[in-house]
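S.K.: Give me a model of this one.
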Amino acid sequence: LEQIKHNVSYPLIFTAEEVEQVGMPKAIELMREAFRLLSEGRVQVPLRTAMETDDKTGMALFMPSYAPSWKLFGLKMVSVFGGNVDPLPAIQGQMLLMDAGSGQLLAMLDAPSVTALRTGAASGLATDLLSNASATTLAVFGTGVQAWTQVAGVMAVRSINRILVKGTSPENEKHFCDRIRGTHKVSCEPLWKPTDLLDADIICTATNSVDPIVELKNVKPGAHINAVGSYKPHMRELSEDVIARCKLVVDQR
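M.R.: The predicted structure follows:
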């Protein structure tokens, strides 16, 4: 930004395709730096503000931040309307960046793609730091955008040769597996029964489930879990016995 600040008109507009060009390896390194700054208390990240519609069918989320070392203010504004149907996506919004020296609005980025890339990168970083280095089998719950970047995050840091997928329908699972085989060139198949999960070294959950989908009896000792889907108090992807037994690591207290 410093190099181009005086040669362009603001704000810059970054589409979803342009955000995705950052790439998962670079995104993971950026998340590593961001989490380090957060842990050291060198950034301000207030609790996000959430507002729900009267009929509970949708909500808007506002997430501000300030990074002095990057000289940037940020605000991500996202709406989540799970009942939307194509072509209207369930998640919409924009990420705003402001110059912390002058207050000038510098850029607007497609927020859903930032969210997907950032969440996948956070799980990639967690997997790199916390999972077994010899992990080869990944299980993914979900077949949407978030699930796709979960796969990309894990694939960037571990030598995965087999992926198991659980979606809301056989059609979704088949499409997701076909895409994985075409992009990552690894074996991919549906998670046929709950006990198949015992093969997984790494588990990613990216769903909107309100009932637990992962139980301790189906998780092998030493498995690493990235649970990213739940964002409301009543949503639960992991059962009580999993939470009670695991070493629980959060990105922010």
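S.K.: Only C-alpha atoms from now on, for both contacts and neighbour counts.
M.R.: Fine.
S.K.: mind listing the helices for the stretch 151-253 of the chain?
M.R.: 170-184, 240-245 (DSSP state H, counting those that start in this stretch).
S.K.: wait, which of the ones you listed is closest to E33?
M.R.: helix 170-184 (26.5 Å; CA to CA).
S.K.: Show me what the closest one packs onto, helices and strands only.
M.R.: On a contact count with 3 or more CA pairs under 8 Å, 6 or more residues apart in numbering; DSSP states H and E, helix 170-184 meets strand 162-166, strand 187-190.
S.K.: quick one: secondary structure of L138?
M.R.: Recorded secondary structure, L138: strand (DSSP: H, G, I helix; E, B strand; the rest coil).
S.K.: I'd say it and L164 touch.
M.R.: Yes: with contacts counted by CA atoms under 8 Å, L138 reaches L164, the gap being 6.2 Å.
S.K.: More neighbours: these two, which one.
M.R.: L138 (26 against 22; other CA atoms under 10 Å).
S.K.: residues contacting that one?
M.R.: By CA atoms under 8 Å, 6 or more residues apart in numbering, the contact set of L138 is 160, 162-164, 200-204.
S.K.: Let's see if you can find the most crowded of these.
M.R.: Counting by other CA under 10 Å, top hit in the contacts of L138: I202 with 26 neighbours.
S.K.: Now do the contacts for it.
M.R.: Contacts of I202 (CA under 8 Å, 6+ apart): 127, 131, 135, 137-139, 223-226.
S.K.: give me that answer again for 10 Å
M.R.: Shown in contact with I202 (CA atoms under 10 Å, 6 or more residues apart in numbering): 127, 131-132, 135-140, 154, 158, 160, 163, 219-220, 222-226.
S.K.: Per-residue pLDDT of G82, please?
M.R.: You'll see G82 listed with a pLDDT of 84.
S.K.: helix or strand for it, which one?
M.R.: Using DSSP states H and E, G82 falls within no helix or strand.
S.K.: Likewise for the one 3 residues further on?
M.R.: With elements delineated by DSSP H and E, V85 resides in a region that no helix or strand encompasses.
S.K.: so can I have TSV of the contacts of L138 showing pLDDT and distance to I180?
M.R.: Shown next, in TSV, are the contacts of L138 (pLDDT from 0 to 100; distance: CA to CA, whole Å):
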residue	pLDDT	distance to I180
I160	98	12
R162	98	10
I163	98	9
L164	98	11
A200	98	17
D201	98	18
I202	98	16
I203	98	16
C204	98	15
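S.K.: and which of these is nearest to P190?
M.R.: Among those, and counting by CA to CA, the member closest to P190 is L164, at 5.4 Å.
S.K.: what sits against the closest one?
M.R.: 137-141, 173, 177, 187-192, 196-197, 199-200, 203.
S.K.: and if we set it to 6 Å?
M.R.: 139, 188-191 (CA atoms under 6 Å, 6 or more residues apart in numbering).
S.K.: Bridging across strands, which residues link to it?
M.R.: Note on L164: beta-bridge partners by DSSP bridges are A139, E189.
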